[in-house]
Structure formats: structure tokens, C-alpha cells
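In: Let me see the structure of the following:
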Amino acid sequence: MSNLKSKFGGLFKKSSISEKSSQGSAVDTKGAATIESKGSKGGSVLVVGGGIGSVQTSLDLADSGFQVYMVESKASIGGVMAQLNKTFPTNDCSMCILSPKLVEASRHPLINMMTLTEVMGMEGEAGNFTVTLKRKPRYVREDRCVGCGLCAEKCPTRSPANTS
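Out: Purely as a prediction, here's the structure:
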């Protein structure tokens with residue numbers, strides 16, 4: 001597990017911050033990274049959680065010009081709503097509501113999703129703080145994954161599903 005040190009401009013701070021690399025982070029050999037915003041009008045915002053509320057918040061902030069870092073401790077985003085069949089009171093299909101938002105968030109240039117990542121600590125004050133994150137290993141290279149499922153077929157170990 002690697003520790004990520006992230007420096008955020010803070011909530012609603014109106015200043016531009018330059019980027020260390022084209023990927024949004026500069027990583028050294030010890031696994032520490034400093035993540036700074038790129039191409040955003042405002043500062044950077046950290047959204048903790050990956051449920052429907054966090055996804056909508058991230059979309060709204062990114063559309064307003066903020067660089068958004070969404071941190072989710074589980075392997076996927078969507079939260080409880082992704083597990084539901086129908087929603088109250090309209091009885092709509094939950095995935096019919098959730099899927100377009102997930103696709104839009106994953107394609108948005110100002111949203112950086114970090115799954116399997118936990119917030120370990122925060123230092124500083126509102127508008128200028130540093131967040132320490134712990135990223136769990138996923139054993140798949142995210143930059144090369146196309147979602148084909150071949151790695152799951154080749155994996156030598158099986159684990160029980162978390163949904164039961």
C-alpha cells in the first residue's frame with residue numbers, strides 16, 4: 001500500500017495552481033504523490049465518497065470550473081444506489097438515473113476519481129490544507145485496462161462476493 005500526500009487548494013479558493021505532470025500527479029519512487037490542479041478556474045476540491053450525492057456534487061463543482069478529486073474507499077463508485085432495483089417515489093430504475101451521471105463524471109476532464117483510496121488525515125485550514133491518502137493495491141494497471149474481464153478469468157484465486 002502506498003501513501004499519497006495530496007495538496008489541495010481548498011474549498012472555493014479562487015487561485016490557479018500549476019500541475020507537476022500531464023497525469024495530474026508527480027510520483028516518486030517511494031509512492032508519495034503531490035496532486036495539484038490543472039486547467040481549472042478555481043482551486044481544487046476534495047469530495048469524499050463515491051455515492052450518487054458525491055458524483056452529482058463532483059459534476060456540479062467541475063462544471064463550475066473547480067478541479068475535483070473524488071475519493072472512494074471501495075473499488076467502484078455508485079454507492080448504495082447502484083445496488084437498488086427501483087427508487088422511491090417514482091419507481092424508476094436506479095441504474096437509469098445513476099449510469100448517465102457515472103459516465104459523465106468519468107469523462108469529465110476536471111474530475112479525478114480515486115477508488116480503493118482512504119483519507120488518513122488532514123492538516124491545515126479551510127482554503128489551504130493537505131490531505132494524506134492511502135491507496136490500496138488493485139493489481140491491475142488502470143492506464144491499460146479496457147474492462148474486458150480477461151484478468152478476472154486468468155486470476156488464480158477466487159474470493160466471495162461482497163454483496164451477500
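In: hey, where'd the helices end up in this protein?
Out: 52-63, 94-107, 150-154 (DSSP state H).
In: Residues touching the shortest one, excluding its own?
Out: With C-beta atoms under 8 Å, 6 or more residues apart in numbering as the test, helix 150-154 has contacts from 140, 145. C-betas here are computed from N, CA, C, even on glycine.
In: what do you get for the first one?
Out: The contact list for helix 52-63, computed with C-beta under 8 Å, 6+ apart, reads 45, 47-48, 68, 70, 72, 77-79, 81, 97-98, 101-102, 104-105, 108, 110-111.
In: just stretch 139-147 next, same as before
Out: Cys151.
In: Now that stretch: buried residues?
Out: Of the residues in stretch 139-147, none count as buried by neighbour count, 16 or more other C-beta atoms under 10 Å.
In: roughly how far apart are Leu98 and Gly79?
Out: 9 Å (C-beta to C-beta, to the nearest Å).
In: okay, and the helix or strand of this protein with the least pLDDT?
Out: strand 25-27 (a mean of 33; mean pLDDT, DSSP states H and E).
In: Model confidence for Met114, exactly?
Out: Predicted confidence (pLDDT) at Met114: the value is 94.
In: Distance of it relative to Ser159?
Out: 22 Å.
In: So between the two, which is more surrounded?
Out: Legend: neighbour count by other C-beta atoms under 10 Å for Met114 and Ser159, higher for Met114 (19 against 6).
In: Gly124: neighbouring residues, count only.
Out: By other C-beta under 10 Å, 12 other residues sit near Gly124.
In: Repeat that for Tyr69.
Out: Tyr69 has 24 nearby residues by other C-beta under 10 Å.
In: thinking again about what came up before, write the PyMOL selection for whichever of the contacts of helix 52-63 are buried.
Out: Buried members of these, defined by 16+ other C-beta under 10 Å, are picked up in PyMOL with:
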select buried, resi 45+47+68+70+72+77+78+79+81+98+101+102+104+105+110+111
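In: how near is Glu123 to Thr90?
Out: 43 Å.
In: For the two, indicate the residue with more neighbours.
Out: Neighbour count, other C-beta under 10 Å: between Glu123 and Thr90, Glu123 has more, with 11 against 8.
In: quick one: contacts for the more buried one?
Out: Glu123 sits next to 129-130, 132 when contact means C-beta under 8 Å, 6+ apart.
In: And stretch 80-90, end to end?
Out: 17 Å (C-alpha to C-alpha, to the nearest Å).
In: Just the buried residues of it, please?
Out: Neighbour counts over stretch 80-90 (16+ other C-beta under 10 Å) mark 81-82, 87 as buried.
In: Done for today, thanks.
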